[in-house]
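Asks: This is the structure alone, sequence omitted:
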């Protein structure tokens, strides 16, 4: 992958990660901080930007290993591997949804597009 494109995808990943963490915090979905601290990004075919994470309160922790799926087109993923994350994102029988990944990806499309354009234009 050309260096300029990889740099742009990395910048987008960093921004998307920050947005997801801001959103989950603003929605009051942070108890120990494990889920928030686990949110990261990965460029397609590469490993996650972080390898380990810990809760801010308590002793919870986790890690990432392996690589994200490689697509035919360059891409960046935003996500978490915490088991209860889908229930926070989409809700459950006794929990209202508090989406944080989808909004981080979709609500900032113009910002991500500008990052890509700026990098491609200015190298």
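Replies: On my side now, so go ahead. In this text the structure is predicted, and so the values were computed from the model without any measurement. Residues are numbered from 1 along each chain as shown.

Asks: Can you give the contact residues for whichever helix in the chain runs longest?
Replies: Using DSSP state H to define each element, the chain has its longest helix at helix 3-26. With C-beta atoms under 8 Å, 6 or more residues apart in numbering as the test, helix 3-26 has contacts from 30, 35-36, 39-43, 49, 74-78, 88, 98-101, 103-105, 107-108, 111-112, 115-116, 118-120, 123. C-beta here means a position set from N, CA and C on the backbone, and glycine is covered the same way.

Asks: which one is residue 87 nearest to, not counting chain neighbours?
Replies: Counting by C-beta to C-beta, 6 or more residues apart in numbering, residue 87 lies nearest to residue 95, which is 5.8 Å off, once chain neighbours are set aside.

Asks: my bad, should have said residue 97
Replies: For residue 97, the spatially nearest residue (C-beta to C-beta, 6+ apart) is residue 91, at 3.3 Å.

Asks: And the average pLDDT for stretch 54-63 is what?
Replies: On average, the pLDDT along stretch 54-63 is 96.

Asks: Flag every buried residue along it.
Replies: Buried residues in stretch 54-63, counted by 16 or more other C-beta atoms under 10 Å: 54-55, 60, 62.
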